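In: Can you look at this prediction? I've put the sequence above it.
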Amino acid sequence: MATHDDLFPYTFRDSPIGMVVMDHSGRYLEVNEAFARILGRSADELANRHFAEYTHPDDLPRDVELMNRLAVGEVPFYQVHKRLLDRDGDTIWVRVTVSDVVTLDNSVHHYVAQVEDITEIRRARDLLERRTLYDPLTGLANRTLLMERLDRALDSHEPRLATVACIFLDVDHFKVVNDSLGHDAGDTMLVEIARRIEGAVRSADTVARLGGDEFVVIVEDVMGVGAAKSVLHGIAAAVNQPFHVESHELEPSVSGGLAMAAPGLSAESLVRNADMAMCAAKQNGRACVEVFDESMRQSALTKLSIESELRSAIRDGELVVHYQPVVDLETHETVAFEALVRWQHPVRGLLLPDEFIPISEDANLVVPLGSVVLHEACEFLAARPHFTGRVFVNVSTRQIGTADLAQVVRSALETSGASPHQLGLEITESGMLLATASARADLKALTDLGVDLILDDFGTGYSALSSVLQNPVAGLKLAREFTLRLGDRGTGDRISTAMAALTRSLSMYGVIEGIETEAQFAIARRHGWQLAQGFLFGHAVAATDISLGLPVTPTPLLSEDATDVVVDSTGPVPRWLEQTARR
Ligand code: C2E
Ligand code: MG
Ligand code: MG
């Protein structure tokens, strides 16, 4: 019968945990099968080899130190996580428990090590750590890791020697790229920008992505604001290089804000200051940089208060809609009105959209705001059954797709009883190019309803007309920028003529915007424009100031020198224009 002593060699051999007996120099005297398996070798192959041969070089000094402490009896055993190298040189993470074994007579000292493969556990932990601390798209630090590093940098820096700077970056026009070229192209661009930012800073600096198109860089050990500024300029220049995505050449740019650490300033506040500086830079135009100063906090507060005021203004009915006539250049009749929102502010008076539409977009208020305007515009139509023209309502890109615009329009039409055929929606190029399925579904549902889609401010975006026209566009409005160039006998005139001809040949109706003078009016006619809008024909006024019994356009429409205009009226005229009631 086998004794316990006889059993021991089998226990050693068959143990599922790797086991090794080493002499005092670290040479393997005996290894079991499980250990050999971890290293992807046979037990025979390992006999008499030295443990250092299979240990990751970076872990070796610590192993040697611990074994020495064990040898002198400083510790009874030790346990470490270390890296072994297998046959292919790949890393295997193991947990090793090493103890000193001494024979009773103290004649022989051995080490016994128990070795467990923890590569999988380690991998899972690394993955989890990556998920919680890194941005999955770019591999950069995420907000959590950024704040951790910034806290540490602020705690450990020596203010008299150098300081810490925080740079906040936002990609310019990222939404246009994402919306027009699709999310994959947007992602590719973000990854490339991340790489460029990393390439422009020292490896010790932390680059983080906060989500969306926002990046933050922590620059440690920087001598002062001047040095930090040159880092920022370096980043901006690195980003601003041509870049190809699908067959498009883009030249990405960033707006950047810089804030410097100051005594008592928390990591949160430092990032917020840099963010405010970035917003100030954006306001100065794209591809700008700004350094934080206290006045920026003040203007951010003002913006916040406008935001909250606007929220209640929408609820309390302080938004009003004014209507600007769109006239037929030949008959001088008003064939449509553009609905333009205004804010009747109790203290600041009547505010124009430029003062609050951008804020409403940032504050997610553009959907409720748009709904108010749509309902008003439909009420306007319903209250004027004899007016057979249209009302054009401006729609912000953010209303399309995500907020079920078609449903809002349907409800406005139903509550008022207005006809969908009298409603037109003015959408900008980026809105027409939205790539998401829900956006496409929204635009399709609107045309199915019988509502016209009109391309607004045409010529101010970057898109190819062909891609815009993939949508069923009924009309096109030429941006005011081109009207200002009418009569230049150059590009202005050529673009105007070409666009007038194009809209006609596509059986779309074309509106030229911003006609202020008789001369512009005459040229627009000569170029073949059918419809026009502008102060010459009338400003936007409250619905109550519009009486359809009277001409809406009191100004004389033709000047003396304009009598010889030749109107190209060969193209088809949309039927609703012919049918518009003469008042
Ligand atoms: P837009 O759609 O291009 O509207 C035309 C703008 O040009 C209006 O400015 C109008 O008053 C102005 N305008 C018209 N004729 C002339 C002219 O002869 N000369 C000059 N200098 N300007 C002229 P407004 O009302 O300030 O609106 C500005 C922009 O705000 C609009 O540009 C539109 O993009 C946006 N907007 C207006 N109402 C709404 C709305 O209800 N929702 C949304 N999302 N945006 C709106
Ligand atoms: Mg418009
Ligand atoms: Mg416009």
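Out: Right, received. Where do you want to start? Ligands and ions are numbered 1, 2, ... in the order given.
In: can you pull the buried residues of stretch 519-538?
Out: Under the neighbour-count criterion of 16 or more other CB atoms under 10 Å, stretch 519-538 has 520-534, 536-538 buried. All C-beta spots, glycine's among them, are computed from the backbone N, C-alpha and C.
In: so where do the strands sit in the stretch 401-550 of the chain?
Out: Listed in chain order, the strands of the stretch 401-550 of the chain (DSSP state E, counting those that start in this stretch) span 423-427, 452-458, 473-478, 509-512, 531-533, 541-542.
In: The one helix or strand residue 177 maps to: what's the following helix or strand?
Out: In the assignment (DSSP states H and E), residue 177 maps to helix 174-181. As assigned by DSSP H and E, the chain's next helix or strand after helix 174-181 is helix 183-200.
In: So what touches whichever helix or strand comes after that following helix?
Out: Toward the C-terminus, helix 183-200 is succeeded by strand 206-211 as the next helix or strand (DSSP H and E). With contact meaning CB atoms under 8 Å, 6 or more residues apart in numbering, strand 206-211 is reached by 135, 137-138, 140-143, 145-146, 149-150, 190, 194, 197-198, 201, 215-218.
In: and the stretch 451-583 of the chain, which residues reach ligand 1?
Out: 456-457, 514-516, 533-535, 540 (CB under 6 Å from any ligand atom).
In: would you turn those residues into JSON lines with pLDDT and distance to residue 246?
Out: Shown next, in JSON lines, are these (pLDDT from 0 to 100; distance: CB to CB, whole Å):
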{"residue": "456", "pLDDT": "93", "distance to residue 246": "26"}
{"residue": "457", "pLDDT": "88", "distance to residue 246": "25"}
{"residue": "514", "pLDDT": "96", "distance to residue 246": "35"}
{"residue": "515", "pLDDT": "97", "distance to residue 246": "39"}
{"residue": "516", "pLDDT": "97", "distance to residue 246": "41"}
{"residue": "533", "pLDDT": "97", "distance to residue 246": "36"}
{"residue": "534", "pLDDT": "97", "distance to residue 246": "39"}
{"residue": "535", "pLDDT": "97", "distance to residue 246": "42"}
{"residue": "540", "pLDDT": "97", "distance to residue 246": "40"}
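In: how many other residues sit next to residue 26?
Out: Residue 26 has 16 neighbours, counted by other CB atoms under 10 Å.
In: what sits against it?
Out: Residue 26 sits in contact with 50-52, 67, 111, where contact means CB under 8 Å, 6+ apart.
In: repeat that with 6 Å
Out: By CB atoms under 6 Å, 6 or more residues apart in numbering, the contact set of residue 26 is 50-51.
In: Ramachandran angles for it?
Out: phi 100, psi 10 (degrees, to the nearest 10).
In: What of residue 23?
Out: Dihedral angles (degrees, to the nearest 10) for residue 23: phi -80, psi -180.
In: Name the nearest residue to it, sequence neighbours excluded.
Out: Excluding its sequence neighbours, the residue lying closest to residue 23 (CB to CB, 6 or more residues apart in numbering) is residue 29, at 5.7 Å.
In: Test my guess that the one you found contacts residue 19.
Out: No - contact between residue 29 and residue 19 fails when scored by CB atoms under 6 Å: they sit 11.3 Å apart.
In: and those two? which has more neighbours close in?
Out: residue 19 (19 against 13).
In: wait, is the more buried one part of a helix?
Out: No - looking at residue 19 with DSSP: H, G, I helix; E, B strand; the rest coil, it is strand, so not inside a helix.
In: quick one, what contacts the closest residue to it other than its chain neighbours?
Out: What sits nearest to residue 19 in space, not counting adjacent residues and going by CB to CB, 6+ apart, is residue 32, at 4.6 Å. Counting by CB under 6 Å, 6+ apart, residue 32 touches 12-13, 15, 19.
In: Sort out for me which of those are in helices.
Out: In helices, judged by DSSP state H, the following of the contacts of residue 32 are found: 12-13.
In: Please pick the buried ones from the contacts of strand 206-211.
Out: If we count by 16+ other CB under 10 Å, the contacts of strand 206-211 have these buried: 135, 138, 140-143, 145-146, 149-150, 190, 194, 197-198, 201, 215-218.
In: Among these, which lie within strands?
Out: By the criterion of DSSP state E, membership of those in strands covers 215-218.
In: What is the nearest of the residues you listed to ligand 2?
Out: For these, the closest approach to ligand 2 (CB to the ion) belongs to residue 215, at 33.6 Å.
In: right, and the closest one touches residue 169 too?
Out: Yes - using CB under 6 Å, residue 215 is in contact with residue 169, at 4.4 Å.
In: contacting residues around the top helix by length along the chain?
Out: Longest helix in the chain by number of residues (criterion: DSSP H): helix 294-315. If you take CB under 6 Å, 6+ apart as the criterion, helix 294-315 is touched by 276, 280, 343, 356, 359, 363, 365, 368-369.
In: Tell me which two of these sit farthest apart.
Out: 280 and 368 (27.7 Å; CB to CB).
In: re earlier: give me the contacts around the helix holding residue 177.
Out: By CB under 6 Å, 6+ apart, helix 174-181 touches 186, 189, 213, 430, 433-434, 463.
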